[in-house]
Each structure stands twice: as structure tokens, then as C-alpha cells.
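Chemist: pasting a predicted model and its sequence here:
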Amino acid sequence: METVDIQELLSTYVIPWGIKIALALVIFIVGRIVVASVVGIVTRVMEKRGTDEILVAFLVSILRWVLLLFVIIAALSQLGIDTTSLVALLGAAGLAIGLSLQSSLSNFASGVMLITFRPFTKGDFVEAGGASGVIEKINIFTTTMTTPDNKEIIVPNGAILSNNITNFSARPTRRVDMVFGISYDDDLLVAKRVLQDIIAADDRVLREPAPVIALGELADSSVNFLVRPWAKSGDYWALKWDITEAVKLKFDEAGISIPYPQMDVHLEREDAAQEDADDKA
């Protein structure tokens, strides 16, 4: 009797369910291999076409999770689970999670927009979302930057897309805007010639567009020259620092002073003021 019961148990439950579980495992394992192969092929195709590496990583990540979801559903269906109800349950759960995580979904949508329209890419120096730095990577919810002093900043994608984005690396050239003041007692033409010589002697200054050296303002304490050469974007800061140093040295050699803000105060003696008042009386 016991033998019959064990045989019935094996034939009714153990063997069928064992086969189902084995098939489900096979589907899951083979499915993961297929997903990895598909993702690898898509990655290689996009890289051969010169697609931006941030865009490749972003799309491949989404593709991997979508395909894995189908594999999991296929494996569960082999176990006899009603996948239609499961999909409906996942949809309802997704809606509930979406309502509770609106800011995260906003960051996700912003990440998709950043990847699609590409206002910047890896290696660009940008000012966005209240931070400045070199773009390292764009994730689904955040963007990672590295500051010039090597600090890592993680900015939500929503904060970036909802504010102005300044990409300092978008153009191959930049204009270096500088202002240099001289004293009212100094020779205007000599100072201008010194500035012209400094700009002309630096090979990093582009000839087109032509640099501008002009008298910009007669300020309270100084006569201000506008110096605006053009350079490659990578030379911007080095050129600005070197020209600033050269101007100070050359002005010192030429006897040209760089004034600082000052105020002349004229004091009148009290007795002299009283005499003036008596004379007027």
C-alpha cells in the first residue's frame, strides 16, 4: 500500500513538478545567456557606429533589464503561474511606486532627455544643476561630475534639465575676456602698445577672429583697457593666467602703474573756514 502511495506521489507531483522546475531553470539560464549575447551584439554595433559611450551604457542597461523581465516571466509561466495576472500585478505595483516616487521618475525622464538630446557628453566641462565640473557619466537618475580640484559631485538629472546648462567645451574656441587698468597719469598709447605686443607674442592667441584691444572705460580710479583674444578651449585658463602675469611684468618695465581704488579727502581748517565766513558777513 505504501509502495503504491509513493508511486502515485512520484507520478502525480514529484516528477511533473521536477520537470517543470528543471525546464524553468533551463529557460532562465539559457535566457540569461541569450540576453547577454543580445546585449553584447547591440553594444558592439553601437560602438562601431561611433555612438557616444554614455548613450551606449544607458540604452544597454535598459535593454538588459527589459529582456531579463521577459525571461523571468517565461520561466514562471513554465511553472504554471498565471503570467497575465503577474503582469497586471506588476503594472499596478509600478503605478503605485510611480506615484510615490515622482521625483525619481522625473530624474529618470530627465536622464532619458539628456541622453537623447545630448547637451553634453563625457569629458565636457559644464555648469549645470548648481554645480560645475567635468562630466564623468550619466546614469538613469543622476549625473556624475568631477571638479577641477578632483571632488566628485553627483547631481540629480531633474535638477540639471530644469535649469540652464552652460557647456564650456561645446565650442572648439573661446574668447578670453580681460580688463587691465592704468593710471590717468600714464601714457595711454604706450600702454596700448605694450598690450598689443604681449598678445602678438603668444602663439596660443588665434589670429582669426582677431583679438580686440580697446579703451573700454574711464573709471573712477583708472583708465580701463578691454583685452579680448581668442584661443582654443583647452588653452583658455593657461592663456588667461599667463597674459595677466605678462601684463604686470611689462607694465612694471614700462613704468606704467596699475592703480587701486582710492579716494582723495580734502580737509579744511576750522579757523580758515571761520575767516571765510566773517569776510562774507
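Modeler: Received it, and whenever you're ready, just let me know what you need.

Chemist: can you show me the helices along the stretch 151-281 of the chain?
Modeler: For the stretch 151-281 of the chain, applying DSSP state H, counting those that start in this stretch gives helices covering 157-161, 188-201, 236-254, 270-280.

Chemist: give me the angle between the third one and helix 188-201.
Modeler: Read it as helix 236-254. Helix 236-254 runs at 140 degrees relative to helix 188-201, counting by axes from the mean of the first three to the mean of the last three CA atoms, to 10 degrees.

Chemist: pLDDT averaged over helix 236-254 - what is it?
Modeler: With pLDDT averaged residue by residue, helix 236-254 scores 95.

Chemist: and the host helix or strand of residue 134, which strands flank it?
Modeler: Following DSSP states H and E, one finds residue 134 within strand 131-138. In the sheet, strand 131-138 lines up against strand 125-128 (antiparallel), strand 142-146 (antiparallel) (DSSP bridges).

Chemist: which one of these lies nearest to residue 109?
Modeler: With CB to CB as the criterion, residue 109 lies closest to strand 142-146 of the strands paired with strand 131-138, at 13.3 Å. Any C-beta I mention is one placed from the backbone N, CA and C, and that applies to glycine too.

Chemist: buried residues in the closest one?
Modeler: 142-145 (16 or more other CB atoms under 10 Å).

Chemist: counting neighbours, what do you get for residue 260?
Modeler: 8 (other CB atoms under 10 Å).

Chemist: same question for residue 113.
Modeler: By the measure other CB under 10 Å, the count of residues near residue 113 is 15.

Chemist: what of residue 129?
Modeler: 22.

Chemist: give the contact list for residue 243.
Modeler: Contacts of residue 243 were listed using CB atoms under 8 Å, 6 or more residues apart in numbering, and they are 176, 178, 198-199, 202, 227, 229.

Chemist: could I get the residues you listed as JSON lines with pLDDT, distance to residue 123 and neighbour count?
Modeler: Listed next are the contacts of residue 243 as JSON lines, based on pLDDT from 0 to 100; distance: CB to CB, whole Å; neighbours: other CB atoms under 10 Å:
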{"residue": "176", "pLDDT": "96", "distance to residue 123": "21", "neighbour count": "20"}
{"residue": "178", "pLDDT": "96", "distance to residue 123": "27", "neighbour count": "16"}
{"residue": "198", "pLDDT": "96", "distance to residue 123": "31", "neighbour count": "21"}
{"residue": "199", "pLDDT": "96", "distance to residue 123": "29", "neighbour count": "21"}
{"residue": "202", "pLDDT": "94", "distance to residue 123": "26", "neighbour count": "15"}
{"residue": "227", "pLDDT": "97", "distance to residue 123": "29", "neighbour count": "23"}
{"residue": "229", "pLDDT": "97", "distance to residue 123": "25", "neighbour count": "25"}
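
Chemist: tell me who's in contact with the nearest residue to residue 78 once chain neighbours are set aside.
Modeler: Once flanking residues are discounted, residue 78 sits nearest to residue 24: 4.4 Å by CB to CB, 6 or more residues apart in numbering. Shown in contact with residue 24 (CB under 8 Å, 6+ apart): 75-76, 78-79.

Chemist: of those, grab the buried ones for ChimeraX.
Modeler: The buried residues among the contacts of residue 24 can be selected in ChimeraX (16+ other CB under 10 Å) with this line:
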select :75,76,78
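
Chemist: surely residue 176 meets residue 229?
Modeler: Yes - between residue 176 and residue 229 there is a contact under CB atoms under 8 Å: 5.4 Å.

Chemist: now for the two: what residues contact both?
Modeler: When contacts are counted by CB under 8 Å, 6+ apart, residue 176 and residue 229 have 239, 243 as shared neighbours.

Chemist: what bits of the stretch 151-281 of the chain have low per-residue confidence?
Modeler: Across the stretch 151-281 of the chain, the ranges flagged by pLDDT under 70 are 262-281.

Chemist: state the pLDDT value of residue 90.
Modeler: 65.

Chemist: start the count at 715, not 1, going forward
Modeler: Let's use 715 as the start, then, which means that last one is residue 804.

Chemist: that older thread, which one of the contacts of residue 957 is nearest residue 968?
Modeler: Lowest distance from residue 968 to the contacts of residue 957 (CB to CB) belongs to residue 912, with 11.1 Å.

Chemist: and the closest one, how far is that from residue 838?
Modeler: 30 Å (CB to CB, to the nearest Å).
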